[in-house]
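**Q** Attaching a predicted model along with its sequence, questions to come.
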Amino acid sequence: MKIEEKGKNIELSDISCLSLKETLDCGQAFRWEQLEDGVWQGMAYNEYLKLCETQDKIVFFDTTKEDFYNIWYSYFDLDRDYEKIVSTLSENPVLKKAADFGKGIRILKQEPWETLCSFIISQNNNIPRIKGIIGRLCENFGDVSDNGFYTFPSAEKIASLSIEDLGVIRSGFRAKYISDAAKKIANGEINLEALKTLDTDTARNELMKIYGVGKKVADCVLLFGLSHINAFPQDVWIKRAMEKLFGGEIPHCAKGYEGIAQQYIFHYAHTTKLDI
DNA sequence: GTCCAGGCATGCA
DNA sequence: TGCATGCATGGA
């Protein structure tokens, strides 16, 4: 991959295994919007970003080298060799099919609190409505930036609200879970940053101390927010796919990369509906 | 109207 | 331990 500074932009070329469409719209992040064909805007770590994808390059608009390496290089998981991982996963023919189907997917390294809050909202919910609830959460309780884009509200801000206050986001029964999570993060009872370096099982148990966080939500937070690439969230689609495609067991070649395999399988199953 | 959505807590055996 | 049920909301 080539990284060049061109004017006020950063340009990537010779890219392998990265499609904005597949990465930003595959159900791991909920705040990226497509403005026009190939052009996306969003925010992470309180930094607004607009970027564009063409056949052979990706342009990060108005981005300094400093911001690129401080935030986006890691956010888009650019230091990981996906070619190599895909070739390992391809030892299993079904996994190869799923990986080829979603070869542009990368696992985003999202902000831990935003990931936790988002996947609490995701439970027993569908993706369009998850996006709606998170959008209202940001518009009502985040700060507006100069682009008119709202930040994701901090755990401290959410912790200061009552369940009734959260009514405007129309999250239903999940409001009490969001509130409990915010309080445990804000008062330091759970330190999300510290969970990055714990082993996956211990970190999962910590997350599950939060009211409304079970194994699946915890695994999503581990995978998408805490760099535990071996976490394997099992939602309804993964369970269906595991039964139908793999006879219930994840192939051995996915060892250590379960989370990446999971995302290929999820995208394949969710998109094709497994011909149900 | 019924069913379902990137589940979880609760009660009961 | 495992299994059934209720849960808010909105689109299909």
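**A** Thanks, I have it.
**Q** Do you know the pLDDT at whichever residue of chain A sits closest to DNA strand C?
**A** Of all residues in chain A, A:Gly172 sits closest to DNA strand C, at 2.5 Å by C-beta to the nearest atom of the strand. Every residue, glycine included, has its C-beta placed from N, CA and C. Turning to A:Gly172, the model gives it a pLDDT of 98.
**Q** what's the neighbour count on it?
**A** 13 (other C-beta atoms under 10 Å).
**Q** And it, its phi and psi?
**A** phi 70, psi -140 (degrees, to the nearest 10).
**Q** Next: the one 4 residues further on.
**A** Taking degrees, to the nearest 10, you get phi -70, psi -30 for the backbone angles of A:Lys176.
**Q** need the contact list for it.
**A** Taking C-beta atoms under 8 Å, 6 or more residues apart in numbering, we find A:Lys176 in contact with A:163, A:211-212.
**Q** what does A:Leu195 give?
**A** Residues counted as contacts of A:Leu195 (C-beta under 8 Å, 6+ apart) are A:112, A:203, A:206-207, A:222, A:226.
**Q** Let's see the pLDDT reported for the closest residue to DNA strand B within the stretch 101-250 of chain A.
**A** The stretch 101-250 of chain A approaches DNA strand B most closely through A:Gly214 (2.4 Å), counting by C-beta to the nearest atom of the strand. On pLDDT, A:Gly214 comes in at 98.
**Q** now swap in the one 10 residues further on and tell me
**A** A:Phe224 carries a pLDDT value of 98.
**Q** The helix or strand containing it packs against which elements?
**A** A:Phe224 is part of helix A:215-225, with elements assigned from DSSP states H and E. Helices and strands touching helix A:215-225, as assessed by 3 or more C-beta pairs under 8 Å, 6 or more residues apart in numbering; DSSP states H and E, comprise helix A:112-121, helix A:200-207, helix A:258-272.
**Q** pLDDT score assigned to A:Ile276?
**A** At A:Ile276, the model reports a pLDDT of 52.
**Q** again, but for A:Glu4
**A** Per-residue pLDDT puts A:Glu4 at 98.
**Q** Shouldn't it be within a strand?
**A** Yes - under DSSP: H, G, I helix; E, B strand; the rest coil, A:Glu4 sits within a strand.
**Q** How about the contacts made by A:Leu89?
**A** A:95-96, A:99, A:251, A:253-254, A:257, A:260-261, A:264.
**Q** okay, those residues in a markdown table with neighbour count, distance to A:Lys273 and pLDDT next?
**A** Converted to a markdown table, the contacts of A:Leu89 look like this (neighbours: other C-beta atoms under 10 Å; distance: C-beta to C-beta, whole Å; pLDDT from 0 to 100):
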| residue | neighbour count | distance to A:Lys273 | pLDDT |
| --- | --- | --- | --- |
| A:Leu95 | 23 | 19 | 97 |
| A:Lys96 | 16 | 20 | 98 |
| A:Ala99 | 26 | 19 | 98 |
| A:Pro251 | 16 | 22 | 96 |
| A:Cys253 | 16 | 26 | 98 |
| A:Ala254 | 23 | 23 | 98 |
| A:Tyr257 | 21 | 25 | 98 |
| A:Ile260 | 25 | 22 | 98 |
| A:Ala261 | 26 | 20 | 98 |
| A:Tyr264 | 25 | 16 | 98 |
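**Q** with those in mind, which one is nearest to A:Thr63?
**A** Taking C-beta to C-beta as the measure, A:Thr63 sits nearest to A:Ile260 out of those, at 25.9 Å.
**Q** tell me the contacts of that closest one?
**A** A:82, A:85, A:89, A:107, A:229.
**Q** tell me which parts of chain A are close to DNA strand B?
**A** By C-beta under 7 Å from any atom of the strand, the residues of chain A that approach DNA strand B are A:26-28, A:122-127, A:129-130, A:173, A:208, A:211-218, A:220, A:233-238, A:262-263, A:266, A:270.
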